[in-house]
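**Student:** Fold the following, please.
(chains A and B)
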Number of protein chains: 2
Amino acid sequence: MLKNTTLSLLLCLPGFALAAEGMWTLDNLPRADLEQAYQFKPDQKWLDHARLASARLAGGCSGSFVSPEGLVLTNQHCVIGCVSDLSSPEHDYVNNGFLANKRQDEKQCPGAEINRLESVSDVTGRILKVTNGLTGKAYNDAKKAEQSRIESECVAGAANTVRCDLVELYQGGVQHLYRYTRFQDVRLVFAPEYQAGFFGGDPDNFNFPRFNLDMGLLRVYENGKPARIKHYLPIKSAGAEPGELVMTLGHPGSTQRLLTAAQLETLRDVMLPFRLMIGYEYRGLVTQFASESAENARIVRSDLTNIENGLKVRSGQFKALLNTEVLTKKRADEASLQAYVQSDAARAAQFGNPWADIAAAQAIARQSVVRYQMIEGGLGFASTHLNYAKSLMRAADERQKPDGERLREFAEAGLPAVEARLLADVPVYPNYEKLKLGWSLTKLRERLGTDHPFVQQILGKKSPQKLAAEIIEGSHLADPKVRKALWEGGQAAVAASQDPAIMLMREIDPVARRLRAEYETEVESVEKRAAERLAAARFAQKGTTVYPDATFSLRLSHGVVRGFDEDGDTIAPFTDFNGLYRRATADEPFNLAPRWTAAQSKLNLATRFNQVTTNDIIGGNSGSPLLNANGEIVGLAFDGNIHSLGGAYFYDETQNRTVSVHPAAILAALKTVYGADKVVKELTVR
Amino acid sequence: MLKNTTLSLLLCLPGFALAAEGMWTLDNLPRADLEQAYQFKPDQKWLDHARLASARLAGGCSGSFVSPEGLVLTNQHCVIGCVSDLSSPEHDYVNNGFLANKRQDEKQCPGAEINRLESVSDVTGRILKVTNGLTGKAYNDAKKAEQSRIESECVAGAANTVRCDLVELYQGGVQHLYRYTRFQDVRLVFAPEYQAGFFGGDPDNFNFPRFNLDMGLLRVYENGKPARIKHYLPIKSAGAEPGELVMTLGHPGSTQRLLTAAQLETLRDVMLPFRLMIGYEYRGLVTQFASESAENARIVRSDLTNIENGLKVRSGQFKALLNTEVLTKKRADEASLQAYVQSDAARAAQFGNPWADIAAAQAIARQSVVRYQMIEGGLGFASTHLNYAKSLMRAADERQKPDGERLREFAEAGLPAVEARLLADVPVYPNYEKLKLGWSLTKLRERLGTDHPFVQQILGKKSPQKLAAEIIEGSHLADPKVRKALWEGGQAAVAASQDPAIMLMREIDPVARRLRAEYETEVESVEKRAAERLAAARFAQKGTTVYPDATFSLRLSHGVVRGFDEDGDTIAPFTDFNGLYRRATADEPFNLAPRWTAAQSKLNLATRFNQVTTNDIIGGNSGSPLLNANGEIVGLAFDGNIHSLGGAYFYDETQNRTVSVHPAAILAALKTVYGADKVVKELTVR
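**Tutor:** Got it, this is the predicted structure:
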């Protein structure tokens, strides 16, 4: 039930009618709308401060700087990989949580990287110039080379502290260069117990009402010391009230709202069912593996959470695409744009028929995408060892080439990140690796067929399990020193290696590269080239009142605190600690972490815990601060509700909601449940 | 490569142009076509003999009588359930095979039943009379009551030896009464090793070329002695040559060729993806369980084979429905029939708009089918104990009611089969049951939602695993004596039972019954009522040149021995023993059973092993004999090729093939590999 009927009625006033749709770049906010609806007029200083206080976790999350000494607030589920890497059977930080009471107890997250966006510049013109008139492979090669060139110029030799990413907005219609400060020394300060951060587990994931302390704290270091941070955000314990403007500031990963109907049909018919079927089977396998021992459960906890999260996301997306209204609306929008293009001879000549080009590429994608994903995408070779082998081998090969001719992920500007990931000292578990690789090789055989020449080449007369055992038992790539030697030894060292993972990858590589080249040429280049024209036509028709699809780059979404209706019930916007204790049971995933059981009598149980707002976010936004108009943190986004999963394709304000941790809960839990007084002080003393 | 080019050219002659499509009832064969194409004119004697020599395995397979002493030829995969039930860690017949050299070594298959079709009569008029003008629940109740009445009259108190089934042909357009002799004492005579019967396992399943001795032999007993059988089929060792007419005679389970486009879309969008996702996850779970020990592997072998087979079938069906040509053709057919109906005012009045009624029912089915399948369909309660509990509880309740008012499966005429299944002494494995039930309860929670009132009612504060452990550890229903006491004690005994499986089922039952009543009223009745009108319209337009959808009742399909083209390669119609030894590896599922390794030097390796023919079959046809025009067995159907999986919805003669064991391989293997001289003698001495 709604707690405050008066406020809920207020939400219906005309003044609040601005739709919350849109993941806006900071240089193209819907300023007139924001002013009209909320009297909110951010000046450049406000925007610069927000940008510089925003943190991007390169692994795929968002966050914000929250102290002058480099403290970064994000989600527990964004630091769980690090927590898992730092854990062992003796120190199970995943299940017990982690708190560094002193600076020297803060532990470095292997391979972690945090970025701060320093500047954005438009390089569309440079790309258009070199790709003018080209198609297919020539287009792709020219664009790739220029993108690498632009990035290298931007990094200017300071790759260890500068990161430059070419960002293709509007499905390629606009090319921006994002220049980041790169922090590669990232340390763990605080993570709650898995049970507390992910209370309710998979059943409650993407649901609301919710009761999660899905928060984590990291600290960025420079030269072995906490970084000095000028732009950081204060936390407002009182949060925001229903109807109040709240903005997420973060890095939404990927949406497909500008795809054509033909592309959505490929997702619905081929890509999503394929990934779902693979994913569900893998989940069954890993679930049973986890049930075999407490140690197995610990080993796979983070992976299993990711798998289940991915399944829930894709299930929601699949369901959204089965809603015929979505495709009907998409086709109507396309018809309108087509009519606009064709109504004028010059426009018709300029833009042509990108829809037809995209539809033709879909026929190829439908035939080849599974093979491509299994082989080059690595779904048929799920193994940490083989991932290392592939990176080492390809890096060695690619680094021999001029920057512009390399595979994009080995462009000079990005090598520090590749190296950091490769050399990070993370635990590898042989039995789990054998399970993954053996199983994924059976999927390779299943999807391509036993008699497929590639399958015959890889397996020969061996069973998938036997080949997997040979690779995992014979490979030494789990040892970071071995990887370091191969990385530093370059092509000669890799060529001389008899490591079975590298030898297998060398066999796979020609086929994988060929599939990639074909897919990029016949599908992706065609789609991009067409998308450029679509974007141009759209700009011609509507100007830049359209926001680009998400690209894991900085965006702001605006919304308000507001509940929603579900099956006739009204879901109130806030939960409280009381609700947690009511929902708790003795068993996973609804059991309480011991500290929470102990703290029950000491907490104010009416403290607001989680909340929903109408902000338009998507995966990647996890860890985003919710800001009020004053730039204060009034929430920590960690999820969407179940209706938000269609957000990949469309935004529906009636039910799509962002789920966040209330700031009051953050501070109360740190203080009362965890006794993290120093952290609280750092967060609150200005 | 084709072995005989001359013959393959012959296949292109005009005389061979008859499409092999159709699963024909014996009273409505395409006689003119058969005569024109093959000069085949079966008389009534031929047809009666074929009918009486055909065996239906009530569990879902086909077979044929092959000796005067009750020997029944079918597939290994049709007897594997029995073999598994008869196995133990000490006697692993699944992996080692089974051969009874003496009559007294033949072992009774628990719960098995074989039927022989004695007569068919048309009762459409009786059903139409009682359902005239009714819709929804009233229609359903009236029809059900009359069907039960007809069956009971037919059984006439001899339920132990007579089985009568109401068969709804043409999706309900025609109602036939099938009267069978019921054999409930069925004993295992021979089954090859799992490796030999299912060589190539899941990877080769539905593939061709193929190398399987997928055969099994049963014997029906009467009064403790082998039944005397008058009508049985001889085996022709030489088989049939390419282009020669071959007919399958068996019991195809279910096709959906007469469904409307709207119904196919429901399958494509909702039902198939749902079952696939559930199935893949379950497969992952069981695969890992099997890997934990040899005993686990033995326990689940038969189940896992079924799961994987089902996944391959449904994947093929899903893929077929994604082929836009299928739905386009379906819509064109519908448009033609609609035009025929609407072109005449009397017809329009008579048939109305059944397509619209069906489409409306789909909207309800899409919303409710998952809930219905999880609860009443039992997918949320996967447990042998709970299945027993449900049968015992419902049988007790239903047997109190007049026959015509009971749930269909508890009609008086069918009770002997229910009793036989309930009381059969089959092994139950507690750890596996806990795994299945715990997992399926998590799926129930996942699909309905943690906060769904039914989920809350069933789980309360317990985890799925805890509830599963309580049920499996506390229930005594694995003991056939306990089940017998409850079955015989009837409603009073069941009501007094404190068995946790029965107590849980009692809680589930009201919800499950309500969902079933709703689904039957709002979806199935509407579909059936509309299908009756569709069938009538179709008969009016085309006469009975249409064959009915498969209904696990006796059908004949005609075809020829013929290879097919695949990705530009020509696949020859026969394989031989040589191919088996070439394909073999050291590892499952391509390893040889030891007897086959030992026999290699003694076999004529050029012996034909498996073959493909153009016959139109589907699951349920497994074990069907392939007959030549003389009524001799020239093959033992056990599979379709991968292209046959679209056969649920359409038949494509260019690639859809039946896969069968060649009779020469059957006889050579029995003699040389298994030394089954007595069986060979019984099969061959006339």
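**Student:** Straight-line length of stretch A:50-63, end to end?
**Tutor:** By CA to CA, to the nearest Å, the extent of stretch A:50-63 from end to end equals 12 Å.
**Student:** right, I mislabeled it, should have said stretch A:211-219
**Tutor:** Stretch A:211-219: ends 26 Å apart by CA to CA.
**Student:** what does stretch A:81-97 give?
**Tutor:** End-to-end distance (CA to CA), stretch A:81-97: 13 Å.
**Student:** can you count the residues close to residue A:356?
**Tutor:** 12 (other CB atoms under 10 Å in any protein chain shown). In short, each C-beta sits where N, CA and C put it, glycine included.
**Student:** Helix, strand, or coil at it?
**Tutor:** Classification of residue A:356 by DSSP: H, G, I helix; E, B strand; the rest coil places it in helix.
**Student:** What confidence value was assigned to it?
**Tutor:** For residue A:356, the pLDDT comes out at 96.
**Student:** And the average pLDDT for stretch A:497-510 is what?
**Tutor:** 98.
**Student:** Return the distance of it from the chain's centre.
**Tutor:** The chain centre lies 30 Å from the centre of stretch A:497-510; the measure is CA atoms, centre = their mean, to the nearest Å.
**Student:** Now that stretch: buried residues?
**Tutor:** For stretch A:497-510, a neighbour-count test (16 or more other CB atoms under 10 Å in any protein chain shown) marks A:497, A:499-502, A:504-506, A:508-509 as buried.
**Student:** Stretch A:395-414 too?
**Tutor:** A:395-399, A:403-404, A:406-407, A:410-414.
**Student:** Please convert the buried residues of stretch A:497-510 to TSV, extending it with distance to chain B.
**Tutor:** Formatted as TSV, the buried residues of stretch A:497-510 follow (distance: CB to the nearest CB, whole Å):
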residue	distance to chain B
A:497	27
A:499	24
A:500	18
A:501	21
A:502	24
A:504	18
A:505	23
A:506	24
A:508	20
A:509	24
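**Student:** Rebuild the residues you listed as JSON lines, extending it with secondary structure.
**Tutor:** Formatted as JSON lines, these follow (three-state DSSP):
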{"residue": "A:497", "secondary structure": "coil"}
{"residue": "A:499", "secondary structure": "coil"}
{"residue": "A:500", "secondary structure": "helix"}
{"residue": "A:501", "secondary structure": "helix"}
{"residue": "A:502", "secondary structure": "helix"}
{"residue": "A:504", "secondary structure": "helix"}
{"residue": "A:505", "secondary structure": "helix"}
{"residue": "A:506", "secondary structure": "helix"}
{"residue": "A:508", "secondary structure": "helix"}
{"residue": "A:509", "secondary structure": "helix"}
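**Student:** picking up where we left off before, which ones among the buried residues of stretch A:395-414 also lie next to chain B?
**Tutor:** Among those, not one lies near chain B by CB under 8 Å from any CB of the partner chain.
**Student:** Among those, which ones are in helices?
**Tutor:** A:395-398 (DSSP state H).
**Student:** Need those residues in TSV (columns: pLDDT).
**Tutor:** Formatted as TSV, those follow (pLDDT from 0 to 100):
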residue	pLDDT
A:395	97
A:396	97
A:397	97
A:398	97
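**Student:** So which of those is the closest to residue B:70?
**Tutor:** residue A:397 (69.2 Å; CB to CB).
**Student:** Residue A:39: neighbouring residues, count only.
**Tutor:** 10.
**Student:** sorry, back to before: can you tell me which of the ones in helices among the buried residues of stretch A:395-414 lies closest to chain B?
**Tutor:** residue A:397 (31.5 Å; CB to the nearest CB).
**Student:** What's the separation between that closest one and residue A:187?
**Tutor:** Here residue A:397 is placed at a distance of 34 Å from residue A:187 (CB to CB, to the nearest Å).
**Student:** what does residue A:523 give?
**Tutor:** For residue A:523, the distance to residue A:187 equals 42 Å [CB to CB].
**Student:** Leaving out sequence neighbours, find the closest residue to the residue of chain A found nearest chain B.
**Tutor:** Closest residue of chain A to chain B, CB to the nearest CB: residue A:284 (2.6 Å). Excluding its sequence neighbours, the residue lying closest to residue A:284 (CB to CB, 6 or more residues apart in numbering or on different chains) is residue B:284, at 2.6 Å.
**Student:** Now that neighbour: which helix or strand?
**Tutor:** Secondary structure from DSSP states H and E places residue B:284 in helix B:272-291.
**Student:** helix or strand right after that helix?
**Tutor:** helix B:294-322.
**Student:** Is there proximity between that following helix and chain A?
**Tutor:** Yes: using CB under 8 Å from any CB, helix B:294-322 reaches chain A at B:315, B:318, B:322.
**Student:** Let me know whether the last one touches residue B:268 as I believe.
**Tutor:** Yes: look at residue B:322 against residue B:268 with CB atoms under 8 Å: they come within range, at 7.0 Å.
**Student:** Between the two, which is the more surrounded one?
**Tutor:** residue B:268 (20 against 17).
**Student:** Quick check: the more buried one touching residue B:321?
**Tutor:** Yes: Residue B:268 is within contact range of residue B:321, at 4.0 Å (criterion: CB under 8 Å).
**Student:** Tell me where chain A is predicted with low confidence.
**Tutor:** Low-confidence segments of chain A, defined by pLDDT under 70: A:1-18, A:544, A:686.
**Student:** In contact with the residue located most distally from the centre of it, which residues?
**Tutor:** Ranked by distance from the centre of chain A (CA atoms, centre = their mean), the top residue is residue A:345, with 42.1 Å. Shown in contact with residue A:345 (CB atoms under 8 Å, 6 or more residues apart in numbering or on different chains): no residues.
**Student:** give the contact list for residue A:109.
**Tutor:** Residue A:109 neighbours (CB under 8 Å, 6+ apart): A:79, A:81-82, A:85-86, A:186-188, A:218.
**Student:** if we go to 10 Å?
**Tutor:** Listed by CB atoms under 10 Å, 6 or more residues apart in numbering or on different chains, the contact set of residue A:109 reads A:57, A:59, A:79, A:81-83, A:85-86, A:185-188, A:218, A:424, A:426.
**Student:** Now it: closest residue in space that isn't a chain neighbour?
**Tutor:** Nearest to residue A:109 is residue A:82, by CB to CB, 6+ apart, at 3.5 Å.
**Student:** cool, residue A:464 as well?
**Tutor:** Closest residue to residue A:464 apart from its sequence neighbours, by CB to CB, 6+ apart: residue A:441 at 3.4 Å.
**Student:** and that neighbour, what helix or strand is that in?
**Tutor:** helix A:430-448.
**Student:** how near is the residue farthest from the centre of chain A to residue A:351?
**Tutor:** Remark: distance between residue A:345 and residue A:351 (CB to CB) = 11 Å.
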